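A.B. asks: everything below, folded, please.
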Amino acid sequence: MSKDFTFAIKSICFDEDYQPSENTRITTNFANLARGASRQANLRNTFRMIDNRFNALAHWDNPEGDRYTVKLEIISVEMNMEGENSGAALPLIEILKTNILDRKTGERIEGIAGNNFSSYVRDYDFSVLLLEHNKNQPNFSTPENFGDLHGKLFKCFVNSSAYQDNFGKPPVICLSVSSSKTYRRTENQHPVLGVEYEQDAYSLTDQYFEKMGLKVRYFMPPNSAAPLAFYFVGDLLGDYTNLELIGTISTMDTFQKIYRPEIYNANSAAGKSYQPSLKHEDYSLTRIVYDREERSRLAIEQGRFVEEQFIKPYQAVLEQWATSYAR
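C.D. replies: Now for the predicted structure:
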């Protein structure tokens with residue numbers, strides 16, 4: 001473990017009363033939902049969708065379909081570089097943590113950390129570095145060592161005492177499948193994760209997350225319209241309970257219906273061979289207002305912020321650290 005970087009974790013409840021703070025990454029999807037005239041209705045409807053989805057999947061011993069409710073926390077991770085502008089923390093990552101309340105027993109069950117994943121350095125890599133690298137290029141390519149620094153920063157965080165002290169299990173990040181790839185249904189089926197899909201080649205996001213130490217599997221849960229990409233370490237099916245997995249599925253399936261309705265709120269489900277498309281027109285909209293164009297624009301602004309405040313000022317320190325970081 002490198003001693004150059006230390007991490008601080010802050011947590012805030014994500015509920016109907018949530019309002020993004022001034023230093024929250026404003027590209028974060030849930031911050032987008034929590035602004036504007038519809039903010040409270042947005043949040044209330046989102047949480048209702050999550051609870052309904054959870055209870056539909058956790059249907060055993062749940063005759064009224066209302067046994068469970070999901071409580072969400074926004075986990076913000078700040079990084080300090082020892083000896084470099086000491087005391088000035090860089091906001092690094094935001095993830096979601098699920099907790100499950102069993103109304104029947106009164107038990108509060110710890111869920112999975114990860115779920116949604118927002119990262120300043122990833123914004124820089126994809127919205128600044130990658131775009132500039134491919135400007136005026138006839139064929140798309142990635143810069144040399146693309147994603148290496150971000151991957152090592154993420155692994156450093158997950159291996160840190162800050163993570164280990166706050167979370168009982170490794171993270172699982174759940175994202176949309178890639179519209180550039182074709183996914184094929186397999187015979188493997190899990191009672192909660194659903195039918196497994198495979199693809200012939202990794203997407204750029206898959207490769208990027210691989211550098212973070214995360215493997216990927218694609219599952220389409222029961223009554224979903226499309227597979228979800230699950231990024232994890234260890235054994236996705238063996239390391240987590242059904243209720244933990246349902247917490248992640250219900251949360252991220254709901255968000256994807258809002259963010260990418262063309263794929264996840266399509267009126268027909270993915271078939272044996274499936275290529276996602278944001279140009280698909282046979283889908284339904286939720287009643288939740290989400291500004292996708294704003295998010296794309298802000299991602300570039302956030303990427304520029306990281307370039308000016310982190311990448312450029314500490315380039316020599318970062319390169320030296322990345323070279324010595326062995327994990």
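
A.B. asks: could you use CA atoms for every contact and neighbour count after this?
C.D. replies: OK.

A.B. asks: end-to-end on stretch 233-248?
C.D. replies: End-to-end distance of stretch 233-248: 15 Å, with CA to CA, to the nearest Å as the criterion.

A.B. asks: residues making contact with that stretch?
C.D. replies: Stretch 233-248 is contacted from outside by 54, 57-58, 70, 98-100, 110-112, 115, 170-172, 174, 192-193, 213-215, using CA atoms under 8 Å, 6 or more residues apart in numbering.

A.B. asks: quick one: the helices in the stretch 101-250 of the chain, in order.
C.D. replies: 120-124, 130-133, 148-158, 161-166, 204-210, 236-239, 242-259 (DSSP state H, counting those that start in this stretch).

A.B. asks: please produce TSV containing those helices, extended by mean neighbour count and distance to residue 230.
C.D. replies: Shown next, in TSV, are these (neighbours: other CA atoms under 10 Å; distance: least, CA to CA, whole Å):
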stretch	mean neighbour count	distance to residue 230
helix 120-124	24	18
helix 130-133	15	24
helix 148-158	20	17
helix 161-166	13	20
helix 204-210	17	10
helix 236-239	12	8
helix 242-259	23	10
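
A.B. asks: nearest to residue 304, out of those?
C.D. replies: Residue 304 sits nearest to helix 120-124 of all those, at 6.6 Å, using CA to CA.

A.B. asks: tell me which other helices or strands the closest one touches.
C.D. replies: In this structure, helix 120-124 packs against strand 90-102, helix 292-306, with contacts taken as 3 or more CA pairs under 8 Å, 6 or more residues apart in numbering; DSSP states H and E.

A.B. asks: just name the most buried of these.
C.D. replies: strand 90-102 (a mean of 21; mean count of other CA atoms under 10 Å).

A.B. asks: neighbouring strands of that strand in the sheet, and parallel or not?
C.D. replies: strand 68-81 (antiparallel), strand 108-119 (antiparallel) (DSSP bridges).

A.B. asks: can you tell me which of the ones you listed is nearest to residue 161?
C.D. replies: Per CA to CA, nearest to residue 161 of these: strand 68-81, 12.8 Å.

A.B. asks: what's in contact with the closest one?
C.D. replies: 4-15, 47, 50-51, 54-55, 86-103, 247.

A.B. asks: what's the answer for stretch 172-184, then?
C.D. replies: Defining contact as CA under 8 Å, 6+ apart, one finds that stretch 172-184 is touched by 112-117, 197-201, 203, 205, 218, 227-233, 248-249, 252, 256, 272-278.

A.B. asks: again, only this time at 7 Å
C.D. replies: 112-117, 197-199, 203, 227-232, 252, 272-277 (CA atoms under 7 Å, 6 or more residues apart in numbering).
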